[in-house]
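Novice: What would the 3D arrangement of this be:
(one chain, ligands or ions: 1)
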Amino acid sequence: RKRLDNTELVVPICYGTVAFWLGKKADEYHSHRWTVYVRSPSGEELNHIISKVVFKLHDSFMNPIRVVEAAPYELTETGWGEFEISITMHFTEDSGEKPIEIFHPLKLYEDAGSSIDRQSTKKPVVTEDYDELVFSEPVQDFYERVVNV
Ligand code: SLL
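Specialist: Reported below is the predicted structural model:
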């Protein structure tokens, strides 16, 4: 497969968690409903670049390895605790790229001292990170396919 010298393909992504307290519906093991996601900051499709996303949850979850093979690349669960989520992005076969693993903390509670001191079922706790996937010297066919979408 031919790679392009002196070329970089830069793909912006953002990923994060959104968590709602369950209020009256909360029980000991399910105090919150939360979603972890990977998406394009501009709302573009990522499915021409990403083939699947593997979310690895804390071992206290049943089947902690969750595979999402189509957009939207997100997962919703209920739980009681915060932990570090492993997010592995796999790329389309023609890219010749290895998977990339990133980590993102699931946040259920506002920081102590935050002005939002009372939990509400309506106001989610959100954390989001922005990043860029940088493919240097990309495979030519992949590059041309992606930039022509
Ligand atoms: C803590 N280190 O102790 C963390 C672990 C794990 C959270 C948090 C499981 C929910 C389920 C769940 O929420 N685990 O079993 O459905 O705070």
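Novice: Look up which helix or strand F142 falls in, please.
Specialist: Assessed by DSSP states H and E, F142 sits inside helix 140-147.
Novice: got a list of contacts for the one helix or strand L75 maps to?
Specialist: In the assignment (DSSP H and E), L75 maps to strand 73-79. With contacts defined as Cβ atoms under 8 Å, 6 or more residues apart in numbering, strand 73-79 is touched by 22, 29-39, 46, 50, 53, 55, 57-58, 60-61, 66, 68, 108. (Glycine included, C-beta is placed from N, CA and C.)
Novice: Buried subset of those, written for PyMOL?
Specialist: The following PyMOL command selects only the buried members of these, with burial defined by 16 or more other Cβ atoms under 10 Å:
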select buried, resi 31+32+33+34+35+36+37+38+39+46+50+53+55+57+68+108
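Novice: My guess is Q119 contacts W21. True?
Specialist: Yes. Using Cβ atoms under 8 Å, Q119 and W21 qualify as a contacting pair, with a distance of 4.6 Å.
Novice: can you pull up the bridge partners for the spatially most central residue of the chain?
Specialist: Centroid-nearest residue in the chain, with Cα atoms, centre = their mean: V38, separated by 3.1 Å. When bridges are called by DSSP bridges, V38 pairs up with Y15, Y73.
Novice: Go through the helix holding F142 and flag the buried ones.
Specialist: Neighbour counts over helix 140-147 (16+ other Cβ under 10 Å) mark F142, Y143, V146 as buried.
Novice: Intersect the contacts of strand 73-79 with the contacts of the ligand.
Specialist: With Cβ under 6 Å from any ligand atom as the criterion, the members of the contacts of strand 73-79 in contact with the ligand are Y29, H58, S60, F61.
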